[in-house]
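K.L.:
Below is the sequence, then the predicted model.
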Amino acid sequence: MTRTDGEKLASLIEAIVVNSSVRTRRTSCMMGCKHGCNVAIQADEKLCYTIGNFEPSAQAAEAIVAYGELHAASKNGQVPYRQWPEALKGHFVTRHHPLPKDE
């Protein structure tokens, strides 16, 4: 059975995060077909992002994990543009604000 590009990219990312604080979880579909190989960057109480339009390459996987680490280390999920890995620039699809805490 032929693997999808998303499955190939996920495998590349998973191989890198073994030595990272980033955690991964696969989903079958993010309904972003026009942006193929989508990845969600999420954390509690932080801005969340969907990034996409990636080829399943080691360079893309490394940039995704590097950005995930920067996002995790940030206070609110915002990472200054100058810190973004070059291979990630131009790949942001959406930004989501964190859900409000129950009071």
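P.N.:
The structure has been received and is ready for your questions.
K.L.:
C-alpha from now on. contacts and neighbour counts both.
P.N.:
OK.
K.L.:
my read: L99 touches E45, true?
P.N.:
Yes: look at L99 against E45 with Cα atoms under 8 Å: they come within range, at 7.1 Å.
K.L.:
More neighbours: which of the two?
P.N.:
Here L99 and E45 are set side by side on neighbour count (other Cα atoms under 10 Å), and the busier one is E45, at 14 against 11.
K.L.:
Against M31, how distant is the closest residue to the more buried one other than its chain neighbours?
P.N.:
Closest residue to E45 apart from its sequence neighbours, by Cα to Cα, 6 or more residues apart in numbering: P98 at 5.3 Å. Between P98 and M31 the distance is 20 Å, computed by Cα to Cα, to the nearest Å.
K.L.:
When the two are compared, which one has more neighbours?
P.N.:
Just comparing P98 and M31: by other Cα under 10 Å the higher neighbour count belongs to P98, 15 against 9.
K.L.:
how about the strands in the protein?
P.N.:
Chain-ordered strands for the chain, with DSSP state E as the definition, fall at 39-41, 48-51, 92-96.
K.L.:
what packs against the longest helix along the chain?
P.N.:
Across the chain, the longest stretch assigned as helix under DSSP state H is helix 58-73. Based on contacts counted as 3 or more Cα pairs under 8 Å, 6 or more residues apart in numbering; DSSP states H and E, the elements that helix 58-73 packs against are helix 5-16.
K.L.:
Buried residues in the helix it packs on, which are they?
P.N.:
Using 16 or more other Cα atoms under 10 Å as the burial criterion, the residues of helix 5-16 that qualify are 6-10, 12-14, 16.
K.L.:
Might one say that R95 is in contact with I41?
P.N.:
No: judged on Cα under 8 Å, R95 makes no contact with I41 at a distance of 9.4 Å.
K.L.:
hey, what's in contact with both of the two?
P.N.:
Between them, R95 and I41 share the neighbouring residues 48-50, with contact defined by Cα atoms under 8 Å, 6 or more residues apart in numbering.
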